[in-house]
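Enquirer: Below: sequence and its predicted model.
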Amino acid sequence: MATRHLIRTVILQSLYEWDFYAQKKNLTDILERNLEDFAPGIDEPEFAWKILKSIVDHLKEIDEIITKAAPEWPIDKIAIINRNVLRIGLSELLYSDKEEVPPKVAINEAIELAKNYSGTNAVKFVNGVLGTVYREIKKDEDK
């Protein structure tokens, strides 16, 4: 498994635990423990912390974007795993350095997480939400 894909997987596990416990546990402690347990000696641990910081710093905006892109699905009704796959994907799509993580890579990685940790419908849902957001970004850039 590629380093960054493994990092995204560990972040997903960490976000899932944090969200499962109603965001009452310390997310930094959860990620630190999971990196030690599931990715010891990982090449770029700073990548994990960068993504996590982006998600935490922009959580409200990310959740609002999910709500707008999937109005039939209130954020608390989306399965925990899918909600957090979307948070990772949107964080990278919207707030990462495009040279480091191109938009299509961010989308593809989120789809791969959905394939590995959720179901077929989740893949379509994640692809649909991220595709909608990406098209909006492209439309705004083209103006």
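Expert: All right, it came through fine. Remember, it's a predicted structure, so these values are computed and weren't measured experimentally.
Enquirer: Only C-alpha atoms from now on, for both contacts and neighbour counts.
Expert: Fine.
Enquirer: who's in contact with the one helix or strand residue 88 maps to?
Expert: In this assignment (DSSP states H and E), residue 88 forms part of helix 80-95. Defining contact as C-alpha atoms under 8 Å, 6 or more residues apart in numbering, one finds that helix 80-95 is touched by 8, 12, 15-16, 19-20, 51, 54-55, 58-59, 62-63, 66, 75, 101-103, 106-107, 109-110, 113-114, 117-118, 122, 126, 129-130, 134.
Enquirer: Mind checking which of those are buried?
Expert: Buried residues within the contacts of helix 80-95, defined by neighbour count using 16 or more other C-alpha atoms under 10 Å: 8, 12, 15-16, 19, 51, 54-55, 58, 62-63, 66, 75, 103, 106-107, 109-110, 113-114, 117-118, 122, 126, 129-130, 134.
Enquirer: just the strands in this structure please.
Expert: With strands called from DSSP state E, the chain shows none.
Enquirer: for it, which helix is longest?
Expert: In the chain, assigned by DSSP state H, the helix with the most residues is helix 120-142.
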